[in-house]
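Asks: sequence and predicted structure below; questions after.
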Amino acid sequence: MINGIIGKKLGMTQVFDESGMLVPVTVIEAGPCVVTQIKTLEKDGYEGVQIAFGDVKENKVTKPVKGQFAKSESTPKRYIREVPVDDVAELKLGQEIRADLFEPGEHVKVTGTSKGKGFAGTVKRYHFHGADMTHGSMIHRKPQSGGATDAARTFKGVKRPGRMGNERVTQRGLIVYRVDAFRNLLLIKGSVPGANGGLLLIARQMVGG
């Protein structure tokens, strides 16, 4: 069984459960994905599967990539990712993976690229308290000392102003609320990383994962 699928974030909406309570959900277009490569223990030292998602024009990909997709007898795709698998014996090249891989109530973890916020100061980036805003204060939102005393440099890891966001983020503990197998849609309870249209990797969350 494959434990993950590639998807695209479509946006957030809200639905009502059986008791009439409002539930915020994220709508994800999950698949269809195609199996392009199978990793085996004998050949690669571990078991895994490579899947592809998103149509792309053939003149946009290189010849080696075309040859890779030709082995699986499928058309080239835009995105390729590797996901864990329980057993590769039941898989075959060219096999299609759809949203019905998951069932409502399953726990998943979603990986994506967070929204970029540009260059930010320490108050916005790390929630520093800031100094007095009264008359006479000249500190306000400044980060003040970098911590070094005699090293004449700023040590690595010190919280300073810099680029905020645009990082690979994994949100764990999410729940699949609803599966629309016909339209390949997953409704995930809560929010997931990234902006609308961003690429996501949805994986079944194992115990301790």
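Replies: The structure has been received and is ready for your questions. Numbering: from 1, shown residues only.
Asks: from now on I want contacts and neighbour counts done on CA atoms only, so please keep to that.
Replies: OK.
Asks: which elements pack onto the helix ranked longest in the chain?
Replies: Across the chain, the longest stretch assigned as helix under DSSP state H is helix 63-71. On a contact count with 3 or more Cα pairs under 8 Å, 6 or more residues apart in numbering; DSSP states H and E, helix 63-71 meets strand 33-39.
Asks: so what touches the strand it packs on?
Replies: 5-6, 46-54, 68-69, 71-72, 74, 88, 91-98 (Cα atoms under 8 Å, 6 or more residues apart in numbering).
Asks: filter those down to the buried ones.
Replies: 5-6, 47-54, 69, 72, 74, 88, 91, 93-94, 96-98 (16 or more other Cα atoms under 10 Å).
Asks: which ones among the residues you listed map onto helices?
Replies: If you go by DSSP H, those have Phe69 in helices.
Asks: which ones among the buried ones among the contacts of strand 33-39 lie within strands?
Replies: The strands, defined by DSSP state E, take in 5-6, 48-54, 96-97 from the buried ones among the contacts of strand 33-39.
Asks: a markdown table please, covering those and showing pLDDT and distance to Ser145.
Replies: Formatted as a markdown table, those follow (pLDDT from 0 to 100; distance: Cα to Cα, whole Å):
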| residue | pLDDT | distance to Ser145 |
| --- | --- | --- |
| Ile5 | 92 | 46 |
| Ile6 | 93 | 44 |
| Gly48 | 85 | 48 |
| Val49 | 89 | 49 |
| Gln50 | 90 | 48 |
| Ile51 | 91 | 48 |
| Ala52 | 91 | 48 |
| Phe53 | 91 | 48 |
| Gly54 | 87 | 48 |
| Glu96 | 89 | 56 |
| Ile97 | 89 | 53 |
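Asks: if anything else comes up later, I'll come back, but that's it for now.
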